[in-house]
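Enquirer: Okay, predicted coordinates and the sequence, questions at the end:
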Amino acid sequence: MSLHIGDTAPNFTTDSTIGEINLHKWAEDSWVFFFSHPADFTPVCTTEMGRTAQLADEFSARNVKPLGLSTDIVEEHWDWIYDVNSTQNTGVHFPILADPDCEVAQLYDMIHPGESNTEAVRSVFIIDPDKKIRLSMTYPMSVGRNFDEILRVIDALQLGDKKSIATPADWRPGDKVIIPPSIDNEEAKKLFPNGWEELRPYLRLTEIN
Ligand code: BEZ
């Protein structure tokens, strides 16, 4: 099944390191950073699990719950978490789904046969509190994800929702933002009373607090 931005994230109930999880219920009114891994006890995955745990306060500050998936069983996840904690100097406190039969991985199109028929690639789904998929990205098994980018895109999505703006290339929090073309100048005067820089009628930059 191929999933698109704007789709409702398919719900599922499955076993995890904190017991059975029903995605929509577990998410409550939080955002979800849902990310898959090929397998337990693999080096790249170990660093990614550790990085997610190290960033617990950053995710929490953004009202985001991390949710991992690996195509192994809960008991293996627990043994692996011990390794992650000791090699990455952290404590994994977010749940990891156990998906040995790849049911959730298939539901989210995480199995890419060109990479593996039995293990998930490195998928990311950012799901908002309305359970809509707001971002998806896919990395190959051999490349660890950039967690600065994951936090950056969450910041951009949340700021966009709050302030009706878009963000330019390489935007970082505090940088100028874009007034989207869907907002005409009359409306923009109300939304952005401090004005904007108009490089082209379709390219208006403004500062936001
Ligand atoms: C890893 O996590 O290190 C990994 C997993 C599957 C294939 C290649 C690398």
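Expert: Looks like it arrived, so ask away. Numbers count the residues shown, from 1 in each chain.
Enquirer: before we move on, which element is Thr118 in?
Expert: Taking DSSP states H and E as the definition, one finds Thr118 inside no helix or strand.
Enquirer: can you pull the pLDDT of the residue lying farthest from the centre of the chain?
Expert: Most distant residue from the mean C-alpha position of the chain: Glu186, 34.8 Å away (C-alpha atoms, centre = their mean). The confidence metric pLDDT takes the value 97 at Glu186.
Enquirer: same check, this time on Met1
Expert: So, for Met1, pLDDT stands at 63.
Enquirer: Arg18 against Pro95, yeah?
Expert: Small correction: residue 18 is Ile, not Arg. Yes. Applying C-beta atoms under 8 Å, one finds Ile18 in contact with Pro95, separated by 4.4 Å. Where C-beta positions appear, they are placed from N, C-alpha and C, glycine not excepted.
Enquirer: ok, those two, which is more surrounded?
Expert: Higher neighbour count among Ile18 and Pro95: Pro95, with 19 against 13, using other C-beta atoms under 10 Å.
Enquirer: How about the contacts made by the more buried one?
Expert: When contacts are counted by C-beta atoms under 8 Å, 6 or more residues apart in numbering, Pro95 touches Ser16, Thr17, Ile18, Ile21, Trp26, Leu67, Gly68.
Enquirer: Tell me the one of those nearest the ligand?
Expert: Gly68 (12.4 Å; C-beta to the nearest ligand atom).
Enquirer: Based on its surroundings, how many neighbours for the closest residue to the closest one other than its chain neighbours?
Expert: Counting by C-beta to C-beta, 6 or more residues apart in numbering, Gly68 lies nearest to Ile96, which is 4.0 Å off, once chain neighbours are set aside. By the criterion of other C-beta under 10 Å, Ile96 has 28 neighbours.
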